[in-house]
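> Sequence first, predicted coordinates after that:
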Amino acid sequence: MSGVRIVMPSEMSLLDGINSLRSVRKFKPDPIPEDKLKIVLESASKAASGSNTQPWEFVVVRDENVKARLMEPMLRTWLARLASGTGMSLRMRDVYDEATEMLRNTEKVPVIIYCCVDLSRVGKSEEVMYASIYPAVQNLMLAAHAIGLATCLTVHGSTSARGEPEVKRILGIPEHVKVACLVYLGYPAVRLGHPIRKPIEKFVHNDRW
Ligand SMILES: Cc1cc2nc3c(=O)[nH]c(=O)nc-3n(C[C@H](O)[C@H](O)[C@H](O)COP(=O)(O)O)c2cc1C
């Protein structure tokens, strides 16, 4: 096995981690030690991908000035979406204020990670492309959670309407690489309870729909 040997003082079981992972939008300013960041990224790299192509590329941004520049196109397009109501769910109204605040504070979030797909390393179909990055992103978030860090996944900067061209220009991301999503990462400044989800009876179908 290459790389990481993860030894944690108080280990969280995988199932505990899965059952307590939340989207945290407020972070302490403390920097993230590089060895923790390595654990998170190594964990991402263990995910499944179509034909084991491992098409992921992660752009890890720590520099405040760069984060401030990235915030502009992401916030502008987010506020435009909010104003137009495009794709906005009424049920989610209560988290939009927090989501907007997190975005406004982008430069203060210790690390942001653009999770990208190298289109030259993955099959042509869109389903394989996205299905080959999200398992890695979930691994990344679970590993972060297991070692006391917090995350929030967003899709800021992942399409033209969400500022992808400007984000790619600022970060120097090449043409053949697509931004899939963005993960905010830091030590949590809030403690959240367990995730609220539908009971499985609402969506599991046995043998047929
Ligand atoms: C595809 C996707 C897009 C998301 N976009 C945002 C976002 O733009 N801003 C944000 O604050 N949270 C975002 N989230 C986090 C969700 O709002 C969050 O997972 C959901 O409200 C459930 O909350 P919980 O994870 O804390 O249980 C996103 C999550 C996913 C999977």
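That came in fine, so what should we check first? Numbers count the residues shown, from 1 in each chain.

> What helix or strand is the residue nearest to the spatial centre of the chain located in?
Geometric centre of the chain, nearest residue: Val183, 2.8 Å, by Cα atoms, centre = their mean. Assigned by DSSP states H and E, Val183 falls within strand 177-186.

> separation between Leu14 and the ligand?
17 Å (Cβ to the nearest ligand atom, to the nearest Å). (Glycine included, C-beta is placed from N, CA and C.)

> now do Ile112
Taking Cβ to the nearest ligand atom, one finds Ile112 at 12 Å from the ligand.

> show me where this protein has strands.
Ranges of strands in the chain, per DSSP state E, are 56-61, 111-118, 150-154, 177-186.

> Pretty sure Leu140 is one of the things the residue nearest to the centre of the chain touches, is it not?
Yes: the criterion here is Cβ atoms under 8 Å, and Val183 meets it with Leu140 at 6.4 Å.

> which regions of this structure sit below the pLDDT cut-off?
For the chain, residues meeting the criterion pLDDT under 70 lie at 1-10, 87, 90-91.

> Could you list the residues of it in contact with the ligand?
By Cβ under 6 Å from any ligand atom, the residues of the chain that approach the ligand are 22-23, 25, 95, 99, 102, 152-156, 195.

> quick one: buried residues of stretch 158-165?
Neighbour-count burial for stretch 158-165, counted by 16 or more other Cβ atoms under 10 Å, picks out 158, 162-164.

> which residues are in contact with that stretch?
For stretch 158-165, the external contacting residues (Cβ atoms under 8 Å, 6 or more residues apart in numbering) are 73-74, 76-78, 81, 155-157, 178-182.

> and what of stretch 136-150?
By Cβ under 8 Å, 6+ apart, stretch 136-150 touches 6, 8, 11-12, 14, 17-18, 20-22, 24, 27, 32, 36, 39-47, 49, 56, 58, 113, 115, 151, 153, 180-181, 183, 185-188.

> buried ones in it?
Neighbour-count burial for stretch 136-150, counted by 16+ other Cβ under 10 Å, picks out 136-147, 149-150.

> any idea how far Thr151 is from Tyr187?
11 Å (Cβ to Cβ, to the nearest Å).

> these two touch, right, Tyr96 and Ala83?
No: if you go by Cβ under 8 Å, Tyr96 and Ala83 don't touch, sitting 11.6 Å apart.

> Show me which of these two is the more surrounded one.
Set Tyr96 next to Ala83 and count neighbours by other Cβ atoms under 10 Å: Tyr96 wins out with 14 against 9.

> Please name the nearest non-neighbouring residue to that one.
Nearest in space to Tyr96, with sequence neighbours left out and distances taken as Cβ to Cβ, 6 or more residues apart in numbering, is Leu82 at 6.5 Å.
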